[in-house]
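# Mind folding the following:
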Amino acid sequence: MGSRLRWSPDPAEFVMRRLDEAEAATLQAIAAGASLDAGEGGELIALAPDSTMIFDEAEQFALAPLVCSCDDEGWHATERDPSKVLVRIYDRREIARDCIARRESPNPFLRDEPFLHVLASGWRDHSDWYAGWGPDGEDFGRTRRSAPRPTDTEHEPPAIDD
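Here you go, the predicted structure:
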């Protein structure tokens, strides 16, 4: 009788793709000399001295866990400096690379797959999210309140006076 292998997507690949998307959008904002903010509809925008850039949906999803936080009032841009967001991206990429390197460890207690699942959880509303990456193989949505998507018009961010 053959064994049954259960296939699941690679959380490291998922995290690295989201970080690549976030990095591309952040580098666009840096090149434009822009700061990051939340628009009237809750979308992420880059405010340049002479223009406003609205990120596409993939960029919104990639940037949201790095730039925004959500509370009962909705989404808020908590980090407006794209260079600091870039540092967050590089930090998470190094953590993911370290987790990938530990996969080869002969000691199963040194493997960091659960930590990759936690890194991936910032993008749990993404279409490529795999529900088995939640705690104990469960979907995070069942164990904590899911935050609204950054483009959710029902949760407009408050006006920000700088």
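# C-alpha from now on. contacts and neighbour counts both.
Noted.
# In the protein, where is pLDDT below threshold?
Applying pLDDT under 70 to the chain flags residues 1-8, 70, 74-75, 108-111, 135-162.
# my guess is A77 meets V67, correct?
Yes: using CA atoms under 8 Å, A77 makes contact with V67 at a distance of 5.7 Å.
# if I look at these two, which residues touch both of them?
Counting by CA atoms under 8 Å, 6 or more residues apart in numbering, the residues touching both A77 and V67 are L36.
# buried stuff in the helix or strand where E59 lies?
Element membership for E59, per DSSP states H and E: helix 57-67. By neighbour count with 16 or more other CA atoms under 10 Å, helix 57-67 contains the buried residues E59, Q60, F61, A62, L63, A64, P65, L66, V67.
# The last one and E40: what is the separation?
Meaning V67. 16 Å (CA to CA, to the nearest Å).
# and A12, what does it touch?
Contacts for A12 (CA under 8 Å, 6+ apart) come out as A96, I100, L116, A120.
# how much space between the residue nearest the centre of the chain and A24?
By CA atoms, centre = their mean, the mean C-alpha position of the chain lies nearest to P65, the distance being 3.9 Å. P65 sits 15 Å away from A24, going by CA to CA.
# Repeat that for S69.
The gap separating S69 from A24 is 21 Å, by CA to CA.
# Helices of this protein, start to end?
For the chain, applying DSSP state H gives helices covering 11-31, 57-67, 82-102, 113-120.
# CA atoms only for the shortest one, dumped as CSV, please.
So that's helix 113-120. This file holds the C-alpha atoms of helix 113-120, laid out as CSV (Å, rounded to 0.1, in the frame of the first residue of the first chain):
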residue,chain,number,x,y,z
GLU,A,113,8.4,26.4,9.6
PRO,A,114,6.0,27.7,12.2
PHE,A,115,7.8,31.0,12.2
LEU,A,116,7.5,31.2,8.4
HIS,A,117,3.7,30.7,8.9
VAL,A,118,3.7,33.7,11.3
LEU,A,119,5.5,35.8,8.7
ALA,A,120,3.1,34.7,6.0
